[in-house]
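K.L.:
Quick one: sequence plus predicted model below, questions after.
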Amino acid sequence: MKNNYASLSYMLILTGFWTMLIIGLLAWDIHNIKQGAKSEALILAHAIYDDDIQYRRWNSSHGGVYVPVTDKTPPNPYLSHVPDRDITTTEGIKLTLINPAYMTRQVNELMHEAGVSRRGHITSLNPLRPGNSPDTWESMALREFEKGVREVSSIEEMENGEDFMRMMRPLIVEERCLKCHAAQGYKTGDVRGGISVSVPMSPQLEKADKAVIGMSTGHGIIWFLGLSGLILWWLQQKKLYEELEKNNKELLRINSDYEQLLSVTIHDLRSPLVNIQGYSFELKSSMHELQAVMQHMEMTADMRENAVSIINSAIDEEVRLITSNAHKIDSLHNGIIRFLSLRKHELAMEEIDMDSMISGIKESLKPDIQGAGARLEISELPRCTADRKMMTEIFTHLMGNALKYLQPERPGIIRVSGYREDRHSIYCVEDNGIGIAPEYHQDIFEIFHKLDVTVSGIGLGLTIVRKIVERHNGKVWVESEVGKGSRFYVSLPDINK
(Lines give C-alpha, C1' and ligand atoms only; values in the text may rest on other atoms or scores of the structure.)
Protein backbone atom coordinates (compact mmCIF):
# COMPACT_ATOMS: atom_id res chain seq x y z
CA MET A 1 0.00 0.00 0.00
CA LYS A 2 2.83 2.33 0.88
CA ASN A 3 4.61 1.60 -2.41
CA ASN A 4 1.39 2.19 -4.39
CA TYR A 5 0.88 5.48 -2.58
CA ALA A 6 4.47 6.53 -3.33
CA SER A 7 4.02 5.56 -6.98
CA LEU A 8 0.74 7.51 -7.20
CA SER A 9 2.36 10.56 -5.60
CA TYR A 10 5.21 10.34 -8.09
CA MET A 11 2.67 10.01 -10.90
CA LEU A 12 0.82 13.13 -9.72
CA ILE A 13 4.09 15.07 -9.49
CA LEU A 14 5.05 14.04 -13.03
CA THR A 15 1.55 14.91 -14.30
CA GLY A 16 1.77 18.32 -12.68
CA PHE A 17 5.23 18.90 -14.11
CA TRP A 18 4.11 17.75 -17.59
CA THR A 19 1.02 19.99 -17.45
CA MET A 20 3.04 23.02 -16.31
CA LEU A 21 5.61 22.35 -19.04
CA ILE A 22 2.92 22.25 -21.76
CA ILE A 23 1.22 25.35 -20.33
CA GLY A 24 4.57 27.15 -20.22
CA LEU A 25 5.42 26.19 -23.81
CA LEU A 26 1.92 27.18 -24.98
CA ALA A 27 2.17 30.53 -23.20
CA TRP A 28 5.55 31.12 -24.83
CA ASP A 29 4.20 30.22 -28.28
CA ILE A 30 1.12 32.45 -27.79
CA HIS A 31 3.43 35.27 -26.73
CA ASN A 32 5.48 34.78 -29.89
CA ILE A 33 2.31 34.74 -32.02
CA LYS A 34 1.13 38.00 -30.46
CA GLN A 35 4.57 39.50 -30.92
CA GLY A 36 4.51 38.29 -34.52
CA ALA A 37 1.20 40.07 -35.08
CA LYS A 38 2.68 43.27 -33.67
CA SER A 39 5.80 42.89 -35.80
CA GLU A 40 3.71 42.28 -38.91
CA ALA A 41 1.63 45.41 -38.26
CA LEU A 42 4.79 47.42 -37.63
CA ILE A 43 6.36 46.19 -40.88
CA LEU A 44 3.20 47.29 -42.72
CA ALA A 45 3.39 50.69 -41.01
CA HIS A 46 7.03 51.02 -42.10
CA ALA A 47 6.08 50.20 -45.70
CA ILE A 48 3.30 52.83 -45.71
CA TYR A 49 5.66 55.40 -44.20
CA ASP A 50 8.30 54.65 -46.84
CA ASP A 51 5.70 55.11 -49.60
CA ASP A 52 4.65 58.47 -48.12
CA ILE A 53 8.24 59.63 -47.92
CA GLN A 54 9.01 58.66 -51.51
CA TYR A 55 6.09 60.48 -53.11
CA ARG A 56 6.74 63.49 -50.83
CA ARG A 57 10.33 63.51 -52.07
CA TRP A 58 9.09 63.24 -55.65
CA ASN A 59 6.89 66.29 -55.03
CA SER A 60 9.60 68.32 -53.31
CA SER A 61 12.19 67.36 -55.94
CA HIS A 62 10.01 69.20 -58.46
CA GLY A 63 9.52 72.17 -56.13
CA GLY A 64 5.90 71.18 -55.76
CA VAL A 65 3.34 70.54 -58.50
CA TYR A 66 0.59 72.75 -59.95
CA VAL A 67 -2.95 71.47 -60.23
CA PRO A 68 -6.18 73.18 -61.33
CA VAL A 69 -7.98 75.09 -58.61
CA THR A 70 -11.21 73.30 -57.56
CA ASP A 71 -13.53 73.29 -54.59
CA LYS A 72 -11.55 70.38 -53.10
CA THR A 73 -8.21 71.88 -54.04
CA PRO A 74 -8.34 75.62 -53.32
CA PRO A 75 -5.14 77.65 -53.05
CA ASN A 76 -3.30 76.79 -49.84
CA PRO A 77 -3.54 79.89 -47.60
CA TYR A 78 -0.51 78.71 -45.66
CA LEU A 79 1.63 79.06 -48.78
CA SER A 80 0.67 82.66 -49.44
CA HIS A 81 4.23 83.74 -48.75
CA VAL A 82 5.49 81.57 -51.61
CA PRO A 83 5.96 83.49 -54.88
CA ASP A 84 3.99 82.07 -57.81
CA ARG A 85 1.75 80.04 -55.51
CA ASP A 86 -1.01 80.65 -58.10
CA ILE A 87 -0.52 80.85 -61.85
CA THR A 88 -2.72 80.99 -64.94
CA THR A 89 -2.01 79.00 -68.05
CA THR A 90 -2.06 80.55 -71.52
CA GLU A 91 -5.42 78.91 -71.93
CA GLY A 92 -6.66 80.82 -68.86
CA ILE A 93 -6.77 77.80 -66.49
CA LYS A 94 -5.96 78.77 -62.89
CA LEU A 95 -3.42 76.52 -61.21
CA THR A 96 -2.28 76.41 -57.56
CA LEU A 97 0.88 75.00 -55.99
CA ILE A 98 0.60 71.65 -54.18
CA ASN A 99 3.52 71.14 -51.82
CA PRO A 100 4.33 67.73 -50.18
CA ALA A 101 2.33 68.45 -47.02
CA TYR A 102 -0.77 69.54 -48.98
CA MET A 103 -0.45 66.46 -51.21
CA THR A 104 -0.02 64.06 -48.27
CA ARG A 105 -3.06 65.51 -46.49
CA GLN A 106 -5.23 65.16 -49.58
CA VAL A 107 -4.10 61.57 -50.22
CA ASN A 108 -4.93 60.64 -46.60
CA GLU A 109 -8.35 62.34 -46.88
CA LEU A 110 -9.09 60.39 -50.09
CA MET A 111 -8.16 57.13 -48.35
CA HIS A 112 -10.40 57.97 -45.42
CA GLU A 113 -13.32 58.74 -47.76
CA ALA A 114 -12.68 55.45 -49.59
CA GLY A 115 -12.94 53.56 -46.33
CA VAL A 116 -9.28 52.54 -46.20
CA SER A 117 -8.59 51.65 -42.57
CA ARG A 118 -5.01 52.84 -42.43
CA ARG A 119 -4.37 56.36 -41.18
CA GLY A 120 -1.64 58.81 -42.05
CA HIS A 121 -1.00 62.19 -40.53
CA ILE A 122 1.69 64.79 -41.02
CA THR A 123 2.08 66.90 -37.93
CA SER A 124 4.37 69.19 -35.97
CA LEU A 125 4.62 70.93 -32.64
CA ASN A 126 4.72 74.15 -34.70
CA PRO A 127 2.42 73.46 -37.67
CA LEU A 128 1.63 75.94 -40.43
CA ARG A 129 -1.92 74.60 -40.56
CA PRO A 130 -3.86 74.16 -37.28
CA GLY A 131 -5.47 71.01 -38.72
CA ASN A 132 -2.03 69.41 -38.64
CA SER A 133 -1.76 69.80 -34.88
CA PRO A 134 -0.69 66.59 -33.11
CA ASP A 135 -2.89 64.50 -30.86
CA THR A 136 -1.68 63.44 -27.40
CA TRP A 137 0.23 60.40 -28.62
CA GLU A 138 1.83 62.32 -31.50
CA SER A 139 2.87 65.12 -29.12
CA MET A 140 4.63 62.58 -26.94
CA ALA A 141 6.42 61.14 -30.00
CA LEU A 142 7.46 64.60 -31.25
CA ARG A 143 8.99 65.44 -27.86
CA GLU A 144 10.92 62.15 -28.02
CA PHE A 145 12.26 63.17 -31.45
CA GLU A 146 13.67 66.33 -29.89
CA LYS A 147 15.63 64.06 -27.53
CA GLY A 148 17.20 62.21 -30.46
CA VAL A 149 14.77 59.27 -30.72
CA ARG A 150 14.30 58.21 -34.36
CA GLU A 151 11.12 56.14 -34.09
CA VAL A 152 8.21 55.71 -31.69
CA SER A 153 5.70 52.86 -31.99
CA SER A 154 3.04 51.26 -29.80
CA ILE A 155 -0.42 49.74 -29.92
CA GLU A 156 -3.04 52.31 -29.01
CA GLU A 157 -6.82 52.38 -28.84
CA MET A 158 -8.30 54.77 -31.43
CA GLU A 159 -11.62 54.88 -33.26
CA ASN A 160 -14.52 52.89 -31.83
CA GLY A 161 -12.20 51.36 -29.26
CA GLU A 162 -10.23 49.53 -31.97
CA ASP A 163 -6.53 48.86 -31.47
CA PHE A 164 -4.09 50.36 -33.98
CA MET A 165 -0.37 49.95 -34.44
CA ARG A 166 0.85 53.54 -34.32
CA MET A 167 4.27 54.36 -35.70
CA MET A 168 5.87 57.75 -36.14
CA ARG A 169 9.19 58.94 -37.52
CA PRO A 170 10.56 62.50 -37.65
CA LEU A 171 10.54 64.75 -40.70
CA ILE A 172 14.02 66.17 -41.20
CA VAL A 173 14.34 69.53 -42.99
CA GLU A 174 16.06 69.14 -46.35
CA GLU A 175 17.26 71.93 -48.66
CA ARG A 176 14.20 71.63 -50.93
CA CYS A 177 11.89 71.96 -47.89
CA LEU A 178 13.03 75.52 -47.22
CA LYS A 179 10.94 76.88 -50.09
CA CYS A 180 7.84 76.54 -47.91
CA HIS A 181 9.26 76.38 -44.38
CA ALA A 182 12.16 78.83 -44.30
CA ALA A 183 9.75 81.48 -43.02
CA GLN A 184 9.25 79.38 -39.85
CA GLY A 185 12.94 79.64 -39.01
CA TYR A 186 13.86 76.06 -39.94
CA LYS A 187 17.22 75.18 -41.37
CA THR A 188 18.57 72.05 -43.03
CA GLY A 189 18.79 69.10 -40.61
CA ASP A 190 16.17 70.40 -38.14
CA VAL A 191 13.30 68.20 -36.97
CA ARG A 192 10.23 70.11 -38.15
CA GLY A 193 7.66 67.47 -37.31
CA GLY A 194 6.81 63.91 -38.16
CA ILE A 195 4.63 61.55 -40.14
CA SER A 196 2.52 59.17 -38.14
CA VAL A 197 1.03 56.00 -39.59
CA SER A 198 -1.76 54.07 -37.88
CA VAL A 199 -2.54 50.51 -39.00
CA PRO A 200 -5.54 48.61 -37.57
CA MET A 201 -4.53 45.52 -35.61
CA SER A 202 -7.75 43.60 -36.31
CA PRO A 203 -6.48 41.68 -39.41
CA GLN A 204 -3.29 40.61 -37.64
CA LEU A 205 -5.12 39.80 -34.40
CA GLU A 206 -7.71 37.70 -36.22
CA LYS A 207 -4.93 35.75 -37.90
CA ALA A 208 -3.11 35.48 -34.55
CA ASP A 209 -6.27 34.20 -32.84
CA LYS A 210 -6.62 31.44 -35.43
CA ALA A 211 -2.96 30.55 -34.94
CA VAL A 212 -3.48 30.49 -31.16
CA ILE A 213 -6.44 28.12 -31.55
CA GLY A 214 -4.37 25.80 -33.73
CA MET A 215 -1.40 26.04 -31.41
CA SER A 216 -3.59 25.34 -28.36
CA THR A 217 -5.13 22.32 -30.07
CA GLY A 218 -1.70 20.96 -30.95
CA HIS A 219 -0.39 21.45 -27.44
CA GLY A 220 -3.57 19.88 -26.06
CA ILE A 221 -3.01 16.78 -28.21
CA ILE A 222 0.63 16.59 -27.09
CA TRP A 223 -0.44 17.00 -23.44
CA PHE A 224 -3.04 14.25 -23.81
CA LEU A 225 -0.58 11.87 -25.45
CA GLY A 226 1.99 12.59 -22.75
CA LEU A 227 -0.60 12.12 -20.02
CA SER A 228 -1.68 8.83 -21.59
CA GLY A 229 1.93 7.68 -21.55
CA LEU A 230 2.25 8.67 -17.90
CA ILE A 231 -0.91 6.77 -16.99
CA LEU A 232 0.31 3.66 -18.81
CA TRP A 233 3.66 4.01 -17.05
CA TRP A 234 1.93 4.40 -13.68
CA LEU A 235 -0.25 1.33 -14.27
CA GLN A 236 2.87 -0.67 -15.15
CA GLN A 237 4.70 0.66 -12.08
CA LYS A 238 1.67 -0.13 -9.92
CA LYS A 239 1.72 -3.70 -11.17
CA LEU A 240 5.47 -3.95 -10.57
CA TYR A 241 5.07 -2.49 -7.07
CA GLU A 242 2.36 -5.01 -6.26
CA GLU A 243 4.52 -7.89 -7.50
CA LEU A 244 7.50 -6.51 -5.59
CA GLU A 245 5.43 -6.16 -2.42
CA LYS A 246 4.17 -9.71 -2.83
CA ASN A 247 7.72 -11.00 -3.36
CA ASN A 248 8.99 -8.99 -0.38
CA LYS A 249 6.33 -10.49 1.85
CA GLU A 250 7.26 -13.96 0.65
CA LEU A 251 10.94 -13.26 1.25
CA LEU A 252 10.20 -11.91 4.71
CA ARG A 253 8.18 -15.04 5.47
CA ILE A 254 10.97 -17.30 4.19
CA ASN A 255 13.58 -15.30 6.10
CA SER A 256 11.47 -15.46 9.25
CA ASP A 257 11.07 -19.22 8.85
CA TYR A 258 14.80 -19.53 8.22
CA GLU A 259 15.70 -17.49 11.29
CA GLN A 260 13.22 -19.42 13.40
CA LEU A 261 14.59 -22.74 12.15
CA LEU A 262 18.17 -21.59 12.69
CA SER A 263 17.38 -20.31 16.19
CA VAL A 264 15.66 -23.54 17.15
CA THR A 265 18.50 -25.60 15.67
CA ILE A 266 21.15 -23.58 17.51
CA HIS A 267 19.15 -23.78 20.70
CA ASP A 268 18.76 -27.55 20.33
CA LEU A 269 22.47 -27.90 19.65
CA ARG A 270 23.26 -26.15 22.90
CA SER A 271 21.98 -29.00 25.06
CA PRO A 272 24.07 -31.83 23.53
CA LEU A 273 27.05 -29.45 23.40
CA VAL A 274 26.80 -28.86 27.14
CA ASN A 275 26.48 -32.59 27.63
CA ILE A 276 29.60 -33.24 25.56
CA GLN A 277 31.53 -30.65 27.54
CA GLY A 278 30.23 -32.09 30.80
CA TYR A 279 30.95 -35.69 29.87
CA SER A 280 34.44 -34.70 28.69
CA PHE A 281 35.09 -33.19 32.11
CA GLU A 282 33.67 -36.28 33.82
CA LEU A 283 35.75 -38.57 31.60
CA LYS A 284 38.88 -36.65 32.47
CA SER A 285 38.05 -36.86 36.16
CA SER A 286 37.36 -40.58 35.79
CA MET A 287 40.75 -41.03 34.17
CA HIS A 288 42.47 -39.48 37.19
CA GLU A 289 40.43 -41.68 39.51
CA LEU A 290 41.32 -44.74 37.43
CA GLN A 291 44.99 -43.88 37.69
CA ALA A 292 44.66 -43.60 41.48
CA VAL A 293 42.88 -46.98 41.69
CA MET A 294 45.49 -48.62 39.52
CA GLN A 295 48.16 -47.61 42.02
CA HIS A 296 46.60 -50.04 44.50
CA MET A 297 45.85 -52.88 42.08
CA GLU A 298 48.04 -55.91 41.84
CA MET A 299 49.57 -56.11 38.40
CA THR A 300 52.95 -56.44 36.87
CA ALA A 301 55.02 -53.35 36.36
CA ASP A 302 54.76 -53.75 32.57
CA MET A 303 50.98 -53.93 32.72
CA ARG A 304 50.83 -50.89 35.00
CA GLU A 305 53.18 -48.91 32.76
CA ASN A 306 51.21 -49.87 29.64
CA ALA A 307 47.85 -48.87 31.17
CA VAL A 308 49.20 -45.54 32.42
CA SER A 309 50.64 -44.87 28.98
CA ILE A 310 47.28 -45.52 27.32
CA ILE A 311 45.48 -43.22 29.77
CA ASN A 312 48.06 -40.39 29.62
CA SER A 313 48.64 -40.38 25.89
CA ALA A 314 45.84 -41.82 23.77
CA ILE A 315 42.79 -41.27 25.96
CA ASP A 316 44.02 -37.91 27.30
CA GLU A 317 44.68 -36.62 23.74
CA GLU A 318 41.26 -37.80 22.58
CA VAL A 319 39.60 -36.05 25.52
CA ARG A 320 41.58 -32.90 24.72
CA LEU A 321 40.41 -32.99 21.09
CA ILE A 322 36.82 -33.52 22.16
CA THR A 323 37.06 -30.56 24.55
CA SER A 324 38.77 -28.36 21.94
CA ASN A 325 36.16 -29.07 19.27
CA ALA A 326 33.36 -28.61 21.76
CA HIS A 327 34.85 -25.19 22.56
CA LYS A 328 34.93 -24.32 18.82
CA ILE A 329 31.31 -25.36 18.42
CA ASP A 330 30.43 -23.27 21.47
CA SER A 331 32.21 -20.24 19.96
CA LEU A 332 30.44 -20.78 16.64
CA HIS A 333 27.13 -21.12 18.45
CA ASN A 334 27.65 -17.85 20.33
CA GLY A 335 28.87 -16.05 17.17
CA ILE A 336 25.83 -17.07 15.13
CA ILE A 337 23.49 -15.98 17.92
CA ARG A 338 25.25 -12.60 18.05
CA PHE A 339 25.14 -12.25 14.27
CA LEU A 340 21.40 -12.98 14.17
CA SER A 341 20.72 -10.51 16.97
CA LEU A 342 22.34 -7.57 15.16
CA ARG A 343 19.33 -6.85 12.96
CA LYS A 344 16.94 -6.91 15.90
CA HIS A 345 19.10 -4.79 18.19
CA GLU A 346 17.61 -1.33 18.71
CA LEU A 347 20.28 1.33 18.46
CA ALA A 348 20.72 3.49 21.55
CA MET A 349 22.34 6.54 19.99
CA GLU A 350 24.40 8.80 22.20
CA GLU A 351 27.45 11.04 21.98
CA ILE A 352 30.51 8.93 22.76
CA ASP A 353 33.86 10.02 24.17
CA MET A 354 35.97 7.73 21.99
CA ASP A 355 39.17 8.44 23.95
CA SER A 356 37.55 7.05 27.08
CA MET A 357 36.00 4.08 25.27
CA ILE A 358 39.25 3.01 23.56
CA SER A 359 41.10 3.33 26.89
CA GLY A 360 38.58 0.91 28.40
CA ILE A 361 39.09 -1.57 25.57
CA LYS A 362 42.85 -1.26 26.04
CA GLU A 363 42.49 -2.28 29.69
CA SER A 364 40.36 -5.31 28.76
CA LEU A 365 42.96 -6.40 26.19
CA LYS A 366 45.91 -5.75 28.49
CA PRO A 367 46.73 -9.45 29.07
CA ASP A 368 46.70 -10.12 25.30
CA ILE A 369 48.82 -7.02 24.61
CA GLN A 370 51.40 -8.08 27.21
CA GLY A 371 51.31 -11.68 25.96
CA ALA A 372 52.05 -10.52 22.39
CA GLY A 373 54.76 -8.12 23.58
CA ALA A 374 53.04 -5.38 21.58
CA ARG A 375 52.80 -1.62 22.05
CA LEU A 376 49.42 0.14 21.70
CA GLU A 377 49.47 3.83 20.71
CA ILE A 378 46.27 5.89 20.92
CA SER A 379 45.94 9.39 19.40
CA GLU A 380 43.33 11.95 20.36
CA LEU A 381 40.05 10.80 18.81
CA PRO A 382 37.00 12.78 17.62
CA ARG A 383 33.70 12.14 19.34
CA CYS A 384 30.82 10.47 17.51
CA THR A 385 27.13 9.73 17.95
CA ALA A 386 26.48 5.98 17.94
CA ASP A 387 25.42 2.96 19.99
CA ARG A 388 28.07 2.65 22.73
CA LYS A 389 27.77 -1.13 23.10
CA MET A 390 28.14 -1.68 19.36
CA MET A 391 31.08 0.73 19.06
CA THR A 392 32.83 -1.16 21.85
CA GLU A 393 32.24 -4.39 19.96
CA ILE A 394 33.63 -2.93 16.71
CA PHE A 395 36.91 -1.73 18.17
CA THR A 396 37.33 -4.78 20.40
CA HIS A 397 37.18 -6.92 17.24
CA LEU A 398 39.54 -4.68 15.25
CA MET A 399 42.11 -4.28 18.02
CA GLY A 400 41.85 -7.98 18.91
CA ASN A 401 42.44 -8.97 15.28
CA ALA A 402 45.45 -6.64 15.11
CA LEU A 403 46.96 -8.53 18.07
CA LYS A 404 46.23 -11.95 16.51
CA TYR A 405 47.91 -11.18 13.20
CA LEU A 406 51.16 -9.57 14.37
CA GLN A 407 54.45 -10.92 13.04
CA PRO A 408 56.35 -12.87 15.70
CA GLU A 409 59.76 -11.84 14.38
CA ARG A 410 59.35 -8.11 15.09
CA PRO A 411 57.89 -6.02 17.92
CA GLY A 412 54.19 -5.45 17.39
CA ILE A 413 52.83 -1.89 17.16
CA ILE A 414 49.12 -1.07 17.07
CA ARG A 415 47.94 2.52 16.54
CA VAL A 416 44.41 3.87 16.96
CA SER A 417 43.82 7.32 15.42
CA GLY A 418 40.96 9.42 14.07
CA TYR A 419 40.00 12.65 12.33
CA ARG A 420 37.00 14.64 11.04
CA GLU A 421 36.16 14.99 7.35
CA ASP A 422 32.98 16.08 5.51
CA ARG A 423 30.70 15.71 8.56
CA HIS A 424 32.09 12.23 9.27
CA SER A 425 34.15 10.88 12.15
CA ILE A 426 36.79 8.54 10.70
CA TYR A 427 38.81 6.11 12.84
CA CYS A 428 41.78 3.93 11.93
CA VAL A 429 43.17 0.83 13.64
CA GLU A 430 46.64 0.23 12.22
CA ASP A 431 49.11 -2.61 12.84
CA ASN A 432 52.47 -3.75 11.52
CA GLY A 433 51.38 -7.37 11.23
CA ILE A 434 51.36 -9.90 8.41
CA GLY A 435 49.12 -7.82 6.13
CA ILE A 436 46.43 -8.87 3.65
CA ALA A 437 46.75 -9.40 -0.08
CA PRO A 438 44.62 -6.96 -2.18
CA GLU A 439 42.46 -9.74 -3.63
CA TYR A 440 41.14 -10.50 -0.12
CA HIS A 441 40.31 -6.91 0.95
CA GLN A 442 36.60 -7.50 0.31
CA ASP A 443 36.43 -11.20 1.14
CA ILE A 444 37.55 -10.77 4.75
CA PHE A 445 34.26 -9.03 5.57
CA GLU A 446 32.21 -12.00 4.35
CA ILE A 447 30.73 -14.51 6.79
CA PHE A 448 33.03 -17.35 8.01
CA HIS A 449 35.94 -16.07 5.91
CA LYS A 450 39.37 -16.67 7.50
CA LEU A 451 42.74 -16.08 5.88
CA ASP A 452 44.71 -18.10 8.46
CA VAL A 453 43.01 -21.21 9.84
CA THR A 454 45.72 -21.55 12.49
CA VAL A 455 44.56 -18.38 14.21
CA SER A 456 41.78 -18.71 16.75
CA GLY A 457 38.33 -17.48 15.74
CA ILE A 458 35.39 -18.56 13.59
CA GLY A 459 35.48 -15.91 10.83
CA LEU A 460 32.54 -13.81 12.05
CA GLY A 461 34.33 -10.87 13.68
CA LEU A 462 34.78 -8.63 10.62
CA THR A 463 31.34 -9.63 9.31
CA ILE A 464 29.83 -8.39 12.57
CA VAL A 465 31.93 -5.20 12.34
CA ARG A 466 30.60 -4.52 8.82
CA LYS A 467 26.99 -5.16 9.84
CA ILE A 468 27.24 -2.80 12.82
CA VAL A 469 28.86 -0.03 10.76
CA GLU A 470 26.20 -0.39 8.05
CA ARG A 471 23.48 -0.10 10.68
CA HIS A 472 25.01 3.29 11.55
CA ASN A 473 24.96 4.26 7.83
CA GLY A 474 28.75 4.21 7.86
CA LYS A 475 31.53 2.47 5.93
CA VAL A 476 34.36 0.13 6.84
CA TRP A 477 37.31 -0.74 4.62
CA VAL A 478 40.89 -1.96 4.77
CA GLU A 479 44.17 -0.81 3.25
CA SER A 480 46.90 -3.40 3.46
CA GLU A 481 49.93 -5.01 1.86
CA VAL A 482 51.36 -8.43 2.63
CA GLY A 483 54.22 -8.12 5.12
CA LYS A 484 53.60 -4.42 5.81
CA GLY A 485 50.59 -4.50 8.10
CA SER A 486 46.98 -3.32 7.78
CA ARG A 487 44.88 -0.21 8.35
CA PHE A 488 41.17 -0.74 9.08
CA TYR A 489 39.03 2.40 8.67
CA VAL A 490 35.59 3.05 10.17
CA SER A 491 33.67 6.11 8.92
CA LEU A 492 30.57 7.23 10.83
CA PRO A 493 28.32 10.10 9.64
CA ASP A 494 27.07 12.86 11.91
CA ILE A 495 23.59 12.23 13.29
CA ASN A 496 21.14 15.13 13.56
CA LYS A 497 19.44 14.80 16.88
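P.N.:
Looks like it arrived, so ask away.

K.L.:
excluding its backbone neighbours, what's nearest residue 446?
P.N.:
Of all residues not flanking residue 446 in the chain, residue 463 sits nearest, at 6.5 Å (Cβ to Cβ, 6 or more residues apart in numbering). C-beta: built from backbone N, CA, C; applies to glycine.

K.L.:
ok, how many other residues are close to the one you found?
P.N.:
Residue 463: 20 surrounding residues under other Cβ atoms under 10 Å.

K.L.:
Please report how far it lies from residue 146.
P.N.:
89 Å (Cβ to Cβ, to the nearest Å).

K.L.:
Assumed the residue nearest to residue 446 was part of a helix.
P.N.:
Yes - under DSSP: H, G, I helix; E, B strand; the rest coil, residue 463 sits within a helix.

K.L.:
give the contact list for the nearest residue to residue 364 once chain neighbours are set aside.
P.N.:
Distances taken as Cβ to Cβ, 6+ apart put residue 396 closest to residue 364, at 7.3 Å, once the chain neighbours are dropped. For residue 396, the contact set (Cβ atoms under 8 Å, 6 or more residues apart in numbering) comprises 361, 364-365.

K.L.:
Can you tell me which of the residues you listed are buried?
P.N.:
The neighbour count (16 or more other Cβ atoms under 10 Å) marks 361, 365 as buried among those.

K.L.:
lowest confidence element among the helices and strands of the protein?
P.N.:
Ranking every helix and strand in the chain by mean pLDDT, DSSP states H and E puts helix 178-181 at the bottom, with a mean of 58.

K.L.:
Show me the strands in the stretch 151-300 of the chain, by range?
P.N.:
152-157, 163-172, 191-200 (DSSP state E, counting those that start in this stretch).

K.L.:
export those to TSV and tack on distance to residue 206 and mean pLDDT?
P.N.:
Putting those into TSV (distance: least, Cβ to Cβ, whole Å; pLDDT from 0 to 100) gives the following:
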stretch	distance to residue 206	mean pLDDT
strand 152-157	15	92
strand 163-172	12	89
strand 191-200	10	85
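
K.L.:
Of those strands, which is nearest residue 128?
P.N.:
Among the strands of the stretch 151-300 of the chain, the nearest to residue 128 by Cβ to Cβ is strand 191-200 (9.8 Å).

K.L.:
helices and strands around that closest one, which ones?
P.N.:
Under the contact criterion of 3 or more Cβ pairs under 8 Å, 6 or more residues apart in numbering; DSSP states H and E, strand 191-200 touches helix 2-61, strand 119-123, helix 136-146, strand 163-172.

K.L.:
got any ranges where the stretch 51-200 of the chain has weak pLDDT?
P.N.:
For the stretch 51-200 of the chain, applying pLDDT under 70 flags the ranges 115, 173-191.

K.L.:
what about the strands in the stretch 351-497 of the chain?
P.N.:
375-378, 384-387, 413-421, 424-431, 475-481, 485-493.

K.L.:
any idea which of the contacts of residue 396 is closest to residue 8?
P.N.:
residue 361 (50.5 Å).

K.L.:
how much space between that closest one and residue 388?
P.N.:
In terms of Cβ to Cβ, residue 361 sits 12 Å off from residue 388.

K.L.:
repeat for residue 48
P.N.:
The gap separating residue 48 from residue 388 is 89 Å, by Cβ to Cβ.

K.L.:
So what does residue 88 look like in phi/psi?
P.N.:
The phi and psi values for residue 88, taken as degrees, to the nearest 10, are phi -130, psi 130.

K.L.:
Stretch 23-38: which residues count as buried?
P.N.:
Buried residues in stretch 23-38, counted by 16+ other Cβ under 10 Å: 26, 29-30, 33-34, 37-38.

K.L.:
how about these in JSON lines, adding pLDDT and distance to residue 98?
P.N.:
Compiled in JSON lines, the buried residues of stretch 23-38 are given as follows (pLDDT from 0 to 100; distance: Cβ to Cβ, whole Å):
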{"residue": "26", "pLDDT": "94", "distance to residue 98": "53"}
{"residue": "29", "pLDDT": "93", "distance to residue 98": "49"}
{"residue": "30", "pLDDT": "93", "distance to residue 98": "47"}
{"residue": "33", "pLDDT": "92", "distance to residue 98": "43"}
{"residue": "34", "pLDDT": "91", "distance to residue 98": "41"}
{"residue": "37", "pLDDT": "91", "distance to residue 98": "37"}
{"residue": "38", "pLDDT": "92", "distance to residue 98": "35"}
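
K.L.:
surely residue 120 meets residue 53?
P.N.:
No - applying Cβ atoms under 8 Å, one finds residue 120 not in contact with residue 53, separated by 11.0 Å.
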